[in-house]
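In: okay, structure incoming, though there's no sequence with it:
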């Protein structure tokens, strides 16, 4: 019997990454505000990444795709290293210029 392949898309990756960061942070801080203090905050900050880099994403080829990426990545402090075909190069050059905090080309 063949096993079904499980794939993790961009949204699932970002969602699960955020959940894992929250779980790791809760584990370091003891899971609650009862231990909230300077040392606990430092420990929590040390385990929470400053940002996420999505190192492999393919250009969607439209302005709507760029807008969707901005809405999805910006609140999560994520950046995308975008793989782009030549026919989408102008779109990505503009996206990188407009959103240097989101796109790496």
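Out: Everything's here; your move. Since the model is a prediction, treat every value here as computed from it, not as a measurement. Numbering: from 1, shown residues only.
In: tell me the bridge partners for residue 81.
Out: residue 104 (DSSP bridges).
In: what residues are up against it?
Out: Contact partners of residue 81, counting by CB atoms under 8 Å, 6 or more residues apart in numbering, are 53-57, 104. The C-beta positions use only the backbone N, C-alpha and C, and glycine is treated the same way.
In: distance of it from residue 52?
Out: 11 Å (CB to CB, to the nearest Å).
In: picking that back up, may I ask which of the contacts of residue 81 has the most neighbours?
Out: Scoring the contacts of residue 81 on neighbours with other CB atoms under 10 Å, the highest-scoring entry is residue 54 at 20 neighbours.
In: ok, so of the contacts of residue 81, who is nearest residue 89?
Out: Closest to residue 89 out of these is residue 104 (14.4 Å), distances taken as CB to CB.
In: just give the closest residue to residue 79, not the sequence neighbours.
Out: Closest residue in space to residue 79, ignoring its immediate chain neighbours: residue 53 at 5.1 Å, by CB to CB, 6 or more residues apart in numbering.
In: output the contacting helices and strands for the helix or strand that contains that neighbour.
Out: Using DSSP states H and E, residue 53 maps to strand 52-58. Counting contacts by 3 or more CB pairs under 8 Å, 6 or more residues apart in numbering; DSSP states H and E, strand 52-58 packs against helix 10-29, strand 78-83.
In: try it again with 10 Å
Out: Contact partners of strand 52-58 among helices and strands, from 3 or more CB pairs under 10 Å, 6 or more residues apart in numbering; DSSP states H and E: helix 10-29, helix 63-73, strand 78-83, strand 103-104.
In: contacts for it, please.
Out: Strand 52-58 has contacts (CB atoms under 10 Å, 6 or more residues apart in numbering) with 10, 13-14, 17-18, 21, 65, 69, 72-73, 76-85, 88, 102-104.
In: mind redoing it with 8 Å?
Out: Residues from elsewhere that reach strand 52-58 (CB under 8 Å, 6+ apart): 10, 13-14, 17, 73, 76-84, 104.
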